[in-house]
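Asker: Here is a sequence together with a model predicted from it:
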Amino acid sequence: MLQGLVTVANEIVHQSLTLYYENAAHRIGMAACPDPEDNPIGRPLVFFRGMLHFEPAAPYLETLEKSGFAPAVFRFGPDGELNHLRQWRENTVDAIRSLSTDSKLFERNPVFVGHSAGGFTVYVLAAMARGASLAGLQRALPDLDMPEDQLRALALRLRRGRFIAISSPLNGVHLTRTGRLVNRWAIEPRVPLLFSGITQRNVDRFYQKLGLTPDDVLDGNILSIDRPFSFHGGPTSVVSHAVIQGGMRVFSPFLDHNTVNDGIVPLGSAFLEGPRQMLLHSDHLKLVETPEAARALVSLIQNIER
């Protein structure tokens with residue numbers, strides 16, 4: 001029965017996202033996000049989406065383009081694009097496989113940006129560039145059935161990139177007592193790692209296998225302390241946005257926020273000490289929707305490279 005509920009939940013999320021992307025005011029008239037190869041002048045800026053696959057909005061992308069970047073959203077494999085409950089480890093494997101065959105991207109010093117759970121993927125890429133254990137990476141990602149020499153070649157190319165996280169729970173989260181019980185007996189047997197995959201204990205174990213932490217390898221980090229969210233656009237935009245935000249808040253009874261948060265990610269989970277850090281006042285989605293957030297990202301990249 002619970003498996004059926006998970007399937008229904010995934011389908012509801014999928015339909016809500018479709019409504020949101022097609023009808024939200026900030027996306028009206030927006031063409032599909034182009035491939036960086038379509039813009040030979042702009043510097044490639046590749047987005048890795050987090051849980052539920054939130055994509056940057058039109059004003060955000062347009063502001064980046066005006067600032068000299070060629071933004072593109074990374075597309076996961078077919079299962080990753082359809083299953084919005086798919087976990088970041090599987091999506092990371094998709095990313096590594098794809099990037100290992102794309103040498104042209106690295107000719108223009110790309111920037112890799114991960115929003116929410118997508119920050120874990122960007123962390124892995126940054127760790128590879130900074131000398132992480134490739135044998136440990138293969139243990140951490142058992143589905144990564146690639147020769148080590150191919151991984152080593154990708155690691156060398158990745159050294160030309162920059163790596164930035166946006167509101168990513170890289171320090172892990174803590175489950176509430178209710179969350180631990182429900183996760184152990186109901187969720188984990190059916191949807192492995194949905195919650196436990198981002199707990200502090202499990203992400204720390206993952207980092208240990210690679211030999212580096214996000215503090216060691218990321219160039220930049222953007223986080224927020226603003227909890228409220230606001231609506232823009234007509235009724236369809238409002239309803240679909242509410243469903244998405246409400247769906248994300250289904251996680252609240254399971255996660256012990258115990259701190260200020262952006263409505264989704266606790267501040268303590270996203271705060272890092274090593275990278276150049278920027279604090280914004282914006283809810284979790286607006287961090288990749290507004291021109292102001294895009295200008296903040298551009299400013300962060302410029303500060304990193306001074």
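Answerer: That came in fine, so what should we check first?

Asker: what distance separates the start and the end of stretch 274-284?
Answerer: Start and end residues of stretch 274-284 are separated by 22 Å (Cα to Cα, to the nearest Å).

Asker: Go through that stretch and flag the buried ones.
Answerer: Within stretch 274-284, the residues scored as buried using 16 or more other Cβ atoms under 10 Å are 275, 276, 277, 278, 280, 282, 283, 284. (C-beta placed from N, C-alpha, C; glycine too.)

Asker: What count of nearby residues applies to the spatially closest residue to the last one that is not a sequence neighbour?
Answerer: Closest residue in space to residue 284, ignoring its immediate chain neighbours: residue 264 at 3.9 Å, by Cβ to Cβ, 6 or more residues apart in numbering. Summarising burial for residue 264: neighbours were counted as other Cβ atoms under 10 Å, giving 27.

Asker: Name the SS class of residue 264, please.
Answerer: coil (DSSP: H, G, I helix; E, B strand; the rest coil).

Asker: and what of residue 293?
Answerer: Under three-state DSSP, residue 293 comes out as helix.

Asker: Could you verify my assumption that it touches residue 282?
Answerer: Yes: Residue 293 is within contact range of residue 282, at 6.1 Å (criterion: Cβ atoms under 8 Å).

Asker: All the helices of this structure, in order from the start?
Answerer: 2-23, 58-66, 78-82, 88-99, 118-129, 134-140, 148-158, 177-182, 200-210, 214-217, 235-248, 267-270, 291-304 (DSSP state H).

Asker: List the buried residues of the second one.
Answerer: When burial is assessed from 16+ other Cβ under 10 Å, helix 58-66 yields the following buried residues: 58, 59, 60, 61, 63, 64, 65.

Asker: do the third one as well
Answerer: Using 16+ other Cβ under 10 Å as the burial criterion, the residues of helix 78-82 that qualify are residue 80.

Asker: Would you mind pulling the contact partners of it?
Answerer: 14, 53, 75, 86, 90, 91, 94 (Cβ atoms under 8 Å, 6 or more residues apart in numbering).

Asker: Now do the contacts for the third one.
Answerer: What that stands for is residue 75. Contacts of residue 75 (Cβ under 8 Å, 6+ apart): residue 81.
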